[in-house]
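Peer 1: please find the sequence and the predicted model below.
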Amino acid sequence: INLTQLGDNHPSIATTYNNIASVYANQGKYDDALSMYNKSLKINLTQLGDNHPSIADTYHNIGRVYDNQGKYDDALSMYNKSLKITQTQLGDNHPSIAVTYNNIASVYYHQGKYDDALSMYNKSLKITQTQLGDNHPSIAITYSNIGHVYSNQSKHKEAISMYKQSLKIQLSVLGRNHPDVAKSYSGLGNVYLAEGKHEEAISMYEQSYNILLSVLGHNHPDVAKSYNNLRNVYQAEGKREEAISTNEKSLKEKQEEQEKQEKQGEKQEEHEKQEEHEEKQEKQGENREQEEKEKQKELEEQEKREKQEKKQEKQEKQEEQGEKRHQEELEEKEKQEKQEKHEKQEEEDELA
């Protein structure tokens, strides 16, 4: 419709291409996403020029697709184009700049360029602290990301410090039962495991596992990953029985969860049937009510017709009687005139 009404190069068309691209990206259809983003970009470059914030957003989105494809150099190129425009239009301290720095850092992390990643994460952190304060969830995420980098550099002390700072913010802002809190516990568990501190690692992994299990349920990949981390530590410590116990507990909980879901499904199905039955009865009641209304209406109309017919019949009868009286009066008058004429004639005859 928009193509027909607005033509091929209207900004609204670019927006639609962008939205379609976003759907493709979420589906993992990255080539289709790139095709749509590039169509959007072409229109916006023509209509808005090279330095519009919408151009920066599209470059940023294309960069994310390349990042997900593992095309890190292409991703960096797009992110830097986006960064240049955003800095020009919004200044160096806008939250959008922090997001781009964070994504550039993520690319460097995937490339194993940890020092470059730390530099970008710290730039992002500085802007976010200035704009959002020290206790914003975004700050916690950046601390956690920095912790990942330090962990991969085997800088365990620094990694633990970052994860704990992240965890402190998350617990105060998000509460205990949040997936991000579970990730921080898991990150700490990874560091403690690398240090050979198995008891501390088990404690962290257990907390992570319990949170994810309560929030996501047994069938989520993150829960399975967390369970495997815990089992691997038990096995590393030679605690075969604990590993088996954990496995059996997980299987039992999974079975219980499945049974719970089945019961909920049955209950839901029963509830839906009940609702369907009630809806059917309600509809039948409405139909009966409608039928009764129609029947009553028909009776009223019939009664009205009968009254109208009686009225008309009475009127016709009255008219007929009126005509009959009028005719009788005419006949009587005519008879009287004849009588008078006859009498007059007789008088004339006598006089003659």
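Peer 2: Nice, thanks for sending it over. Numbering: from 1, shown residues only.

Peer 1: contacts, neighbours, all on C-alpha from now
Peer 2: Noted.

Peer 1: got a list of what residue 224 touches?
Peer 2: residue 218 (C-alpha atoms under 8 Å, 6 or more residues apart in numbering).

Peer 1: now it: which helix or strand?
Peer 2: If you go by DSSP states H and E, residue 224 is part of helix 221-236.

Peer 1: same check on residue 149?
Peer 2: Counting by DSSP H and E, residue 149 is found in helix 137-152.

Peer 1: packing partners for that helix?
Peer 2: Secondary-structure packing of helix 137-152 (3 or more C-alpha pairs under 8 Å, 6 or more residues apart in numbering; DSSP states H and E): helix 114-132, helix 156-173, helix 179-194.

Peer 1: mind putting the ones you listed into JSON lines with distance to residue 289 and mean neighbour count?
Peer 2: Listed next are those as JSON lines, based on distance: least, C-alpha to C-alpha, whole Å; neighbours: other C-alpha atoms under 10 Å:
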{"stretch": "helix 114-132", "distance to residue 289": "62", "mean neighbour count": "19"}
{"stretch": "helix 156-173", "distance to residue 289": "56", "mean neighbour count": "20"}
{"stretch": "helix 179-194", "distance to residue 289": "54", "mean neighbour count": "24"}
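
Peer 1: for those, could you give me a markdown table that also reports distance to residue 277?
Peer 2: Below are these laid out as a markdown table (distance: least, C-alpha to C-alpha, whole Å):
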| stretch | distance to residue 277 |
| --- | --- |
| helix 114-132 | 54 |
| helix 156-173 | 46 |
| helix 179-194 | 41 |
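
Peer 1: need those in CSV (columns: distance to residue 344 and mean pLDDT).
Peer 2: Formatted as CSV, those follow (distance: least, C-alpha to C-alpha, whole Å; pLDDT from 0 to 100):
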stretch, distance to residue 344, mean pLDDT
helix 114-132, 130, 95
helix 156-173, 130, 95
helix 179-194, 131, 93
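
Peer 1: run a quick neighbour tally on residue 91.
Peer 2: If you count neighbours by other C-alpha atoms under 10 Å, residue 91 ends up with 13.

Peer 1: ramachandran angles for it?
Peer 2: The phi and psi values for residue 91, taken as degrees, to the nearest 10, are phi 90, psi 170.

Peer 1: in which helix or strand would I find residue 279?
Peer 2: Going by DSSP H and E, residue 279 is part of helix 240-351.

Peer 1: check contacts around the closest residue to residue 40 other than its chain neighbours.
Peer 2: Nearest residue to residue 40 in three dimensions, chain neighbours excluded: residue 14, at 4.1 Å (C-alpha to C-alpha, 6 or more residues apart in numbering). The neighbourhood of residue 14, defined by C-alpha under 8 Å, 6+ apart, consists of 39-41, 43-44.

Peer 1: check what pLDDT residue 14 gets.
Peer 2: pLDDT for residue 14: 89.

Peer 1: what does residue 323 give?
Peer 2: 84.

Peer 1: what about it, neighbour count?
Peer 2: Residue 323: 12 neighbours (other C-alpha under 10 Å).

Peer 1: for the one 5 residues further on, same thing?
Peer 2: Burial of residue 328, expressed as a neighbour count using other C-alpha under 10 Å, amounts to 12.

Peer 1: separation between it and residue 336?
Peer 2: For residue 328, the distance to residue 336 equals 12 Å [C-alpha to C-alpha, to the nearest Å].

Peer 1: tell me where the stretch 1-150 of the chain has helices.
Peer 2: 2-6, 11-26, 30-48, 53-69, 72-90, 95-111, 114-132, 137-152 (DSSP state H, counting those that start in this stretch).

Peer 1: residue 62 is in contact with residue 34, correct?
Peer 2: Yes: here residue 34 reaches residue 62: they are 6.4 Å apart, a contact under C-alpha atoms under 8 Å.

Peer 1: neighbour count: those two, which is higher?
Peer 2: When neighbours are counted by other C-alpha under 10 Å, residue 62 comes out ahead of the other of residue 34 and residue 62, with 29 against 21.

Peer 1: ok, the more buried one - contacts?
Peer 2: So residue 62 contacts 34, 37, 75, 78 (C-alpha under 8 Å, 6+ apart).

Peer 1: could you redo the last one with a cut-off of 7 Å?
Peer 2: 34, 37, 78 (C-alpha atoms under 7 Å, 6 or more residues apart in numbering).

Peer 1: which of the residues you listed lies closest to residue 176?
Peer 2: The nearest member of the contacts of residue 62 to residue 176, counting by C-alpha to C-alpha, is residue 78 at 37.1 Å.

Peer 1: does the closest one really touch residue 63, like I thought?
Peer 2: Yes: when contacts are counted by C-alpha atoms under 7 Å, residue 78 is listed as touching residue 63 (4.9 Å).

Peer 1: more crowded one of these two?
Peer 2: A count of neighbours by other C-alpha under 10 Å puts residue 63 above the other of residue 78 and residue 63, at 29 against 23.

Peer 1: wait, the more buried one sits on residue 75?
Peer 2: Yes: counting by C-alpha under 7 Å, residue 63 touches residue 75, with 4.1 Å between them.
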